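Student: Only the shape, not the letters, is given here:
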């Protein structure tokens, strides 16, 4: 179940990050980039968990 949870969290963070990057506020754009990177890391974690059979 951890694999699916991490992938969902990752997709959500990526989507929110992409929206924030469309902002006119430089701080919000920076937060959006950071959130998008966090989302990609969460998705990668989910893929690793899936490959290892959720044993980590």
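Tutor: Everything's here; your move. From a predicted model like this one, the values you see are computed outputs, not experimental measurements. Numbers count the residues shown, from 1 in each chain.

Student: Which residue is the nearest non-sequential neighbour of residue 14?
Tutor: Distance criterion C-beta to C-beta, 6 or more residues apart in numbering; nearest residue to residue 14, sequence neighbours excluded, is residue 39 at 3.5 Å. (Each C-beta comes from the backbone N, C-alpha and C, glycine too.)

Student: Please tell me how far the one you found sits from residue 10.
Tutor: Look at residue 39 and residue 10: by C-beta to C-beta, to the nearest Å, they are 4 Å apart.

Student: what's in contact with stretch 22-37?
Tutor: Stretch 22-37 has contacts (C-beta atoms under 8 Å, 6 or more residues apart in numbering) with 13, 14, 16, 17, 18, 19, 20, 21.

Student: Which members of the residues you listed come out as buried by neighbour count?
Tutor: The neighbour-count test (16 or more other C-beta atoms under 10 Å) marks 13, 14, 16, 17, 20 as buried among the contacts of stretch 22-37.

Student: show me the contacts for residue 21.
Tutor: If a contact means C-beta under 8 Å, 6+ apart, then residue 21 has 29, 32, 33, 36 as its contacts.
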